[in-house]
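Sequence and predicted model, in that order:
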Amino acid sequence: MIITETSLKDVYLIEPKVLGDHRGYFFESFRDDILTEKIRKINWVQDNESLSVKSVLRGLHYQLPPFAQTKLVRITKGCVLDVAVDIRKGSPNFGKHIVVELSDENKKQLFIPRGFAHGFVVLSDTAVFSYKVDNYYSKEADRSIRWNDPEIGVDWQVKLEDVQLSEKDIQAKLLKDSDLFTYSDNLYA
């Protein structure tokens, strides 16, 4: 398993070692000991999965403390463009984002810590998106930042007229109007 910090401090790209032959393949999709050694100990409490069709865009989502979530995301079927945005006021990377293509073919995963908004858009006909979280869902703490906020400037690589959104994401606020984290918050206390 190769774990590489991205251009956003504390966000990591994880690439498993895939063993394959004419019969198929095998890889370890999760190793607590390696993540603890390379990143930090995380108490994962829940696994989630969603199915989405082409051009569905989900995000940019996050939860406020004390329900903030770290996510470990991957695709088990299809292909998505995955986005993490630093929303910690005072961070040197505040408002900056990274974009990673995740697919069932490349088997890459993205580790997104608390203090970041997250979203993805489906590039394939369908995609099954699976992820671990370290805190339970809270409707009261749930927030969204507008996917097309010009201050963030994500290139979603899909035709804007094809994007399919939930009502929640249509109503999302701009980054400048959102409830955010501060860089000095100890989000793991």
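Structure's in. What do you need? Numbering: from 1, shown residues only.

beta partners of Y62?
Note on Y62: beta-bridge partners by DSSP bridges are R143.

Check whether it really touches I87, as I assumed.
Yes - assessed by Cβ atoms under 8 Å, Y62 is found in contact with I87 at 6.6 Å. (Each C-beta comes from the backbone N, C-alpha and C, glycine too.)

Can you check which residues contact both of these two?
Listed as contacting both Y62 and I87 by Cβ atoms under 8 Å, 6 or more residues apart in numbering are F116, A117, I145.

Quick check: pLDDT value at the second one.
Confidence per residue is given as pLDDT, and for A117 that number is 98.

In contact with it, which residues are there?
G59, L60, H61, Y62, A84, V85, I87, S144, I145.

cutoff 6 Å now
L60, Y62, V85, I87, I145 (Cβ atoms under 6 Å, 6 or more residues apart in numbering).

Kindly list the main-chain dihedrals of it?
Phi and psi for A117, reported as degrees, to the nearest 10, are phi -90, psi 150.

List the single closest residue to it in space, sequence neighbours excluded.
Once flanking residues are discounted, A117 sits nearest to L60: 3.9 Å by Cβ to Cβ, 6 or more residues apart in numbering.

okay but that neighbour is in contact with I145, surely?
Yes - L60 lies in contact with I145 (Cβ atoms under 6 Å); the separation is 4.4 Å.

Surely L35 forms part of a helix?
Yes - assessed with DSSP: H, G, I helix; E, B strand; the rest coil, L35 lies in a helix.

Next one, pLDDT for the residue lying closest to it once chain neighbours are set aside please.
Spatial nearest neighbour of L35, excluding adjacent residues (Cβ to Cβ, 6+ apart): I42 at 6.5 Å. Note for I42: predicted pLDDT of 94.
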